[in-house]
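Student: Show me the folded form of this:
(one chain, ligands or ions: 1)
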Amino acid sequence: MKVLVTGGAGFIGSHLVDRLMELGHEVRVLDDLSAGTLDNLRRWVDHERFEFIKGDMRDPKIVEEAVKDVEVVFHLAANPEVRIGSQSPELLYETNVLITYNLLNAMRGSNVEYLVFTSSSTVYGDADVIPTPEDYGPLEPISVYGGAKLAAEALISGYAHTFEFRALIFRLANIIGERSNHGVIYDFINKLRKNPEELEILGDGTQRKSYLHVSDTVEGMLHIFEHFKRSEKTVDFYNLGNDDWITVKEIAEIVSEEMSLRPRFVFTGGVDGGRGWKGDVKFMRLSIEKAKATGWRPRLNSYDAVRRTVRELLKS
Ligand SMILES: O=c1ccn([C@@H]2O[C@H](COP(=O)(O)OP(=O)(O)O[C@H]3O[C@H](CO)[C@H](O)[C@H](O)[C@H]3O)[C@@H](O)[C@H]2O)c(=O)[nH]1
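Tutor: Reported below is the predicted structural model:
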């Protein structure tokens, strides 16, 4: 299978590339290296089945070049920072909606049969059904980021039905693991390296979410993709997450313990009832029954995924 992975030098993307290469596929990566790095792909850069294009997907020409001759696109390129929404909504629009639009236009008249897209739990906003199933609605994102992901999902669905390709959309919980270079665990480790005495926690620390290790994420994506190919659906949606959830304060405790530190926790109090920032979903746990019905299971629960990630990031 000839595959394009957008954002393939990034955190989740590079793990996906590892698996696709190990499985023997021909893999092309398109990445602007704004957050990702070629170091994440160093195992493959000289491999004959691997090709790297450095480019910004806001430029339609680069995207057109990248989709040439591929059968499957895994679209992971995105700016993943929920917290920047109140200062830079245009950046989140461009790096989530506009680049998806450019990709979809480039796919018209191409050989692409399947598009796999990494959307986000944030499309559900403050869901009042937890665990939240895929058919929960109406969808009311509370962040610009969540709105941008939902807009991208909607465009993908419309284009798939109009231009005859098939699309698989994953709504991901908080994905963590080796090579992640943003997010709560990464932030806590950096803060404690600077000041081992004190740890600032954004919000009130009771934000409770599901965390999924990147190894389980990639395995789930590829497993469900095979299942989707055998189905009749033009577009389908799957949550990927964990059955349990963990608070930010518990994450702070695990990070401190793994670093053999006993810092004082200082809670900022946050905004809108203890959220880390405007648009931070306070309670998120996705129903993963649909994904599990395909035979996939996460190997690590949220607690074990957090602990393993702390160890992986401390080693790197
Ligand atoms: O220094 C910090 C950093 C984060 N937090 C808190 O930790 C929680 C997790 O924050 P992250 O930045 O790790 O992740 P988000 O929940 O904002 O979002 C992540 O998960 C989402 C899906 O659930 C999206 O996909 C998104 O791209 C991805 O970054 C939040 O409640 C936040 O308030 C802190 O207390 N202190």
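Student: Show me which residues of the stretch 151-300 of the chain are close to the ligand?
Tutor: Within the stretch 151-300 of the chain, the residues that sit near the ligand (Cβ under 6 Å from any ligand atom) are 172-174, 183-184, 187, 201-203, 207, 209, 248, 276, 280, 284. Any C-beta I mention is one placed from the backbone N, CA and C, and that applies to glycine too.
Student: from these, which single one is nearest G147?
Tutor: The closest of these to G147 turns out to be D280 (Cβ to Cβ; 14.3 Å).
Student: which one is the residue of the stretch 151-300 of the chain found nearest the ligand nearest to, not counting chain neighbours?
Tutor: Nearest residue of the stretch 151-300 of the chain to the ligand, counting by Cβ to the nearest ligand atom: G276, 2.0 Å away. Computed as Cβ to Cβ, 6 or more residues apart in numbering, the closest residue to G276 that is not its neighbour in sequence is L202, at 3.7 Å.
Student: Contact partners for the one you found?
Tutor: L202 is in contact with V248, T268, G270, G276, W277, counting by Cβ atoms under 8 Å, 6 or more residues apart in numbering.
Student: do the same with V112
Tutor: Residues counted as contacts of V112 (Cβ under 8 Å, 6+ apart) are V67, V70, E71, V72, V73, F165.
Student: Now it: phi and psi?
Tutor: The phi/psi pair for V112 (degrees, to the nearest 10) reads phi -70, psi 130.
Student: Buried residues, stretch 176-192. List them.
Tutor: Within stretch 176-192, the residues scored as buried using 16 or more other Cβ atoms under 10 Å are 176-180, 183-189, 191-192.
Student: Including secondary structure and pLDDT, could those residues go into JSON lines?
Tutor: Formatted as JSON lines, the buried residues of stretch 176-192 follow (DSSP: H, G, I helix; E, B strand; the rest coil; pLDDT from 0 to 100):
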{"residue": "I176", "secondary structure": "strand", "pLDDT": "98"}
{"residue": "G177", "secondary structure": "coil", "pLDDT": "98"}
{"residue": "E178", "secondary structure": "coil", "pLDDT": "98"}
{"residue": "R179", "secondary structure": "coil", "pLDDT": "98"}
{"residue": "S180", "secondary structure": "coil", "pLDDT": "97"}
{"residue": "G183", "secondary structure": "coil", "pLDDT": "97"}
{"residue": "V184", "secondary structure": "helix", "pLDDT": "98"}
{"residue": "I185", "secondary structure": "helix", "pLDDT": "98"}
{"residue": "Y186", "secondary structure": "helix", "pLDDT": "98"}
{"residue": "D187", "secondary structure": "helix", "pLDDT": "98"}
{"residue": "F188", "secondary structure": "helix", "pLDDT": "98"}
{"residue": "I189", "secondary structure": "helix", "pLDDT": "98"}
{"residue": "K191", "secondary structure": "helix", "pLDDT": "98"}
{"residue": "L192", "secondary structure": "helix", "pLDDT": "98"}
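Student: Tell me, how many residues neighbour the residue of the stretch 151-300 of the chain closest to the ligand?
Tutor: When counting by other Cβ atoms under 10 Å, one arrives at 22 neighbours for G276.
Student: For it, list the residues it contacts.
Tutor: When contacts are counted by Cβ under 8 Å, 6+ apart, G276 touches R83, L202, G203, Q207, V248, G270.
Student: Return the member of those nearest to N111.
Tutor: Nearest to N111 among the contacts of G276, with distances taken as Cβ to Cβ, is R83, at 38.3 Å.
Student: separation between that closest one and N190?
Tutor: For R83, the distance to N190 equals 15 Å [Cβ to Cβ, to the nearest Å].
Student: which residues of the protein fall in strands?
Tutor: Counting by DSSP state E, the chain has strands at residues 2-6, 26-31, 50-54, 72-75, 114-120, 166-172, 174-176, 198-201, 208-209, 211-213, 235-240, 246-247, 264-267, 283-284.
Student: JSON lines for those strands, including distance to L91?
Tutor: Shown next, in JSON lines, are those (distance: least, Cβ to Cβ, whole Å):
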{"stretch": "strand 2-6", "distance to L91": "17"}
{"stretch": "strand 26-31", "distance to L91": "17"}
{"stretch": "strand 50-54", "distance to L91": "20"}
{"stretch": "strand 72-75", "distance to L91": "18"}
{"stretch": "strand 114-120", "distance to L91": "16"}
{"stretch": "strand 166-172", "distance to L91": "20"}
{"stretch": "strand 174-176", "distance to L91": "21"}
{"stretch": "strand 198-201", "distance to L91": "25"}
{"stretch": "strand 208-209", "distance to L91": "23"}
{"stretch": "strand 211-213", "distance to L91": "25"}
{"stretch": "strand 235-240", "distance to L91": "25"}
{"stretch": "strand 246-247", "distance to L91": "29"}
{"stretch": "strand 264-267", "distance to L91": "28"}
{"stretch": "strand 283-284", "distance to L91": "23"}
